[in-house]
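1. Below are the sequence and a predicted model for it; my questions follow.
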Amino acid sequence: MHKSTGVDWRKPAYVAGAIFVLYLAADLKFGPGGSFLVAAAFIFASVGLAWWWYFSFAGRVRRGWPLLAKAIGLWQQDPIKRINEEFSYAWPVISRIKREPNGYSVRVLLLPGQTPDNIADHTEGIAHTWRVFRVDASSPSRGVVLLRAWVSDPLDKPFGPAAMGMPGLPGVRDREPVKAPAPARYDSVALGRCDDGSPWVLRLHGTHVMVAGVTGAGKGSILWGVTRGLLPAARAGLVELWALDPKRMELSYGRALFQRYSSDAAEMVEMLEDAVREMSARAHRFAGKVRKHEPSADCPFVVVMVDELAFLTAYQPDRDLRKRADAAIATLTSQGRSVGFCVLGALQDPRKEVMNLRNLFPDRIALRLDEPAQVDMVLGLGARDRGATADLISPIPDVGAGVGYVKRETHPEPVRVRAAYVSDSDIDAMVRDYTLGGAA
C-alpha cells in the first residue's frame with residue numbers, strides 16, 4: 001500500500017509534551033498564576049502559528065508544497081525497510097523562506113538523483129500556484145535550488161534617467177534634479193534598472209551590442225540612453241558617436257549630437273567602410289606596442305550606432321551596397337573591439353536570414369519579441385527556458401516599453417531590465433546644452 005507522508009505529527013506531539021511538562025513545572029513552582037501564564041502563552045502562540053500557517057506567504061507555500069511537488073513530478077518512493085512495512089513518498093524539503101525586496105526567496109533541498117532543471121522547468125506553474133508575478137530558479141550550490149518569487153513587477157512603471165539615479169548631465173534640464181555631474185566615462189553607461197533594483201549598466205568599450213525588439217518595444221530608449229551617457233566623454237574628446245539612421249525618424253531628432261550622421265544608404269555604407277579603414281590603421285599602429293586601447297583626443301573610442309541594422313544587411317535593394325555593408329559590419333564586429341570600436345545595432349527581426357552576424361555581438365538585449373523562438377535567436381539557445389520570456393512582455397507602452405532581457409558575455413543567465421525613457425524634451429535639452437557639432 002502507498003502512503004503519502006503529507007504531515008509528520010511527531011514534532012507537534014513533542015512540542016505539546018514539552019509544553020505540558022512546562023505547565024506542570026510552573027504550577028508546582030509558582031502555583032495557579034504561573035500555570036495560567038504558560039497556558040495563555042501557549043494559546044497566543046497557537047493562534048499566531050495558525051494565522052501564519054494559513055495566511056502568510058511562507059505558510060501557504062509550506063502547506064501546499066507537498067501537493068505542488070507531486071504535481072510537477074518531484075515525489076520519490078522511499079525504500080522499503082522491511083517486507084511488512086508500508087512505504088511512503090518523499091519530496092524535496094523547503095529549508096528556508098526569506099523575505100526579499102519585492103518578494104521572497106525559497107531554498108529547496110533536492111532529493112538524490114534530482115537536478116535543478118527538475119524544478120526550473122516548472123517555474124511558470126509554480127508562479128501561478130503561489131499567485132506571484134514571476135518565479136526565477138537558480139542553483140547556488142550542489143543539491144540546492146533557490147526559487148526567487150516576485151510578488152509584483154518591479155519594472156511595471158516607466159521612469160526617467162534622473163528618477164532612478166543615473167548619472168546626470170550638468171546643464172541638462174531633467175524632470176528631477178540631478179545630484180551630481182556625471183564623470184566622463186567612456187567604457188559603460190547606466191541605462192536603467194535591473195529587476196532586483198540595481199542599476200543596469202551596459203558595457204560598451206571592448207564589446208559590441210545588438211538590440212532586438214518589435215516596433216514600439218523601446219529600442220530608442222537604448223540608443224538615446226547610450227548617447228546621453230556618453231556625451232560627457234564625447235565633449236571631452238574621448239568618444240566619437242557615429243549614427244546611421246535608415247528610418248530617418250529616430251536619431252535624426254538629435255543629429256547635432258553626433259560627430260557623423262547619415263540616413264542615405266550609400267553614405268551609411270561609406271561610413272562603415274571609413275570605420276574599417278580607421279580600425280585597420282589603428283591596429284597597424286598598435287601592433288606590438290599596445291594590448292588595450294585607451295581613448296585619447298587623437299585616438300577616441302568610436303561608437304557606431306545603427307538604428308535598423310537589417311536595412312543594411314538584408315532589406316537594402318542594392319545588392320552591391322548590401323554586400324559591402326555586410327562585409328564592413330563583419331570586419332568591425334570581429335576585429336574592432338581591441339582597438340576602440342563598438343557597433344551598437346538595433347533591429348526588429350533577429351532571424352538568421354535577416355541578420356546572420358548576430359554571433360559577433362557578445363552582448364545582446366532582447367526587448368519585446370513576436371515569437372518564443374526569437375528569444376533564443378537573440379540571447380542564445382535555452383535562454384527562454386532560463387526565464388527570458390521576451391515574447392510575453394506587455395505591448396502596452398507604459399507597461400512594457402523599454403523592458404527586456406540582457407545577455408552579457410560574462411554572465412550566462414539572462415537578466416531582466418528596463419531602460420529609462422529619454423523623452424523628446426530630454427533630447428532637446430541635450431542638443432541645446434551639449435551640441436557637439438559636426439552634423440549638418
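-> All right, it came through fine.
2. What residue spans form the domains of this protein?
-> Under the assignment named as automatic domain parsing, the residue ranges that make up the domains of the chain are 1-55, 58-152, 188-434.
3. need those domains in TSV with mean pLDDT, can you?
-> Shown next, in TSV, are the domains of the chain (pLDDT from 0 to 100):
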stretch	mean pLDDT
domain 1-55	62
domain 58-152	87
domain 188-434	89
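4. got the ones you listed as JSON lines, with distance to Pro161 and mean neighbour count columns?
-> Every C-beta, even on glycine, is put in place using the N, C-alpha and C of the backbone. Rendered in JSON lines, the data for these read as follows (distance: least, Cβ to Cβ, whole Å; neighbours: other Cβ atoms under 10 Å):
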{"stretch": "domain 1-55", "distance to Pro161": "41", "mean neighbour count": "12"}
{"stretch": "domain 58-152", "distance to Pro161": "22", "mean neighbour count": "15"}
{"stretch": "domain 188-434", "distance to Pro161": "5", "mean neighbour count": "19"}
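5. just so I know, which of those lies nearest Phe159?
-> Closest to Phe159 of the domains of the chain, according to Cβ to Cβ: domain 188-434, at 5.8 Å.
6. First-to-last residue distance for the closest one?
-> 19 Å (Cα to Cα, to the nearest Å).
7. Regarding Val417, what is its secondary structure?
-> Three-state assignment for Val417 (DSSP: H, G, I helix; E, B strand; the rest coil): strand.
8. who's it bridged to?
-> Cys194, Gly404 (DSSP bridges).
9. Tell me who's in contact with it.
-> By Cβ atoms under 8 Å, 6 or more residues apart in numbering, the residues touching Val417 are Leu155, Leu191, Gly192, Arg193, Cys194, Asp195, Trp200, Ile365, Val403, Gly404, Tyr405, Val406.
10. repeat that for 7 Å
-> Shown in contact with Val417 (Cβ atoms under 7 Å, 6 or more residues apart in numbering): Gly192, Arg193, Cys194, Trp200, Gly404, Val406.
11. I'd assumed Trp200 was in contact with the second one.
-> Yes - Arg193 lies in contact with Trp200 (Cβ atoms under 7 Å); the separation is 5.7 Å.
12. does Ala373 sit in a helix or strand, and which one?
-> helix 372-379 (DSSP states H and E).
13. got the contact list for the next helix or strand after that helix?
-> Past helix 372-379, heading to the C-terminal end, the next element that is a helix or strand (DSSP H and E) is helix 397-400. Helix 397-400 has contacts (Cβ under 7 Å, 6+ apart) with Asp156, Pro158, Gly216, Arg368, Ile393, Ser394.
14. If we use 8 Å, what do you get?
-> Under the criterion Cβ under 8 Å, 6+ apart, residues Asp156, Lys157, Pro158, Gly216, Ala217, Gly218, Arg368, Ile393, Ser394 lie in contact with helix 397-400.
15. okay, those residues in TSV with secondary structure and distance to Arg148 next?
-> Output for those, formatted as TSV (DSSP: H, G, I helix; E, B strand; the rest coil; distance: Cβ to Cβ, whole Å):
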residue	secondary structure	distance to Arg148
Asp156	coil	17
Lys157	coil	21
Pro158	coil	24
Gly216	coil	29
Ala217	coil	25
Gly218	coil	24
Arg368	coil	22
Ile393	coil	19
Ser394	coil	21
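16. Among the residues you listed, which one sits closest to Met305?
-> Nearest member of these to Met305, counting by Cβ to Cβ, is Gly218, at 15.3 Å.
17. these two touch, right, that closest one and Pro395?
-> No - with contact defined as Cβ atoms under 8 Å, Gly218 does not reach Pro395; the gap is 11.2 Å.
18. who touches both of these two?
-> Joint contacts of Gly218 and Pro395 (Cβ under 8 Å, 6+ apart) are Arg368.
19. what's the closest non-adjacent residue to Thr331?
-> Distances taken as Cβ to Cβ, 6 or more residues apart in numbering put Val276 closest to Thr331, at 5.0 Å, once the chain neighbours are dropped.
20. can you check Val93 too?
-> Nearest residue to Val93, sequence neighbours excluded (Cβ to Cβ, 6+ apart): Leu109, at 4.7 Å.
21. Let's verify Ala233: helix, strand, or coil?
-> Under three-state DSSP, Ala233 falls in the helix class.
22. how near is it to Thr227?
-> Ala233 is 11 Å from Thr227, where distance means Cβ to Cβ, to the nearest Å.
23. Contacts only, for Gly73.
-> Contacts for Gly73 (Cβ under 8 Å, 6+ apart) come out as Asn118.
24. Likewise for Ala287?
-> Ala287 touches nothing, counting by Cβ under 8 Å, 6+ apart.
25. now the helices: where do they sit in this structure?
-> Here the chain has its helices, by DSSP state H, at 10-30, 32-55, 57-71, 117-120, 123-130, 219-235, 265-286, 309-310, 319-335, 372-379, 397-400, 424-434.
26. Now render those helices as CSV, adding distance to Pro414.
-> Converted to CSV, the helices of the chain look like this (distance: least, Cβ to Cβ, whole Å):
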stretch, distance to Pro414
helix 10-30, 41
helix 32-55, 34
helix 57-71, 25
helix 117-120, 13
helix 123-130, 13
helix 219-235, 16
helix 265-286, 29
helix 309-310, 21
helix 319-335, 21
helix 372-379, 6
helix 397-400, 16
helix 424-434, 28
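27. With adjacent residues omitted, what lies nearest to Thr389?
-> Nearest residue to Thr389, sequence neighbours excluded (Cβ to Cβ, 6+ apart): Val375, at 7.2 Å.
28. Equivalent analysis for Glu124, please.
-> Per Cβ to Cβ, 6+ apart, closest to Glu124 is Val135, 7.6 Å.
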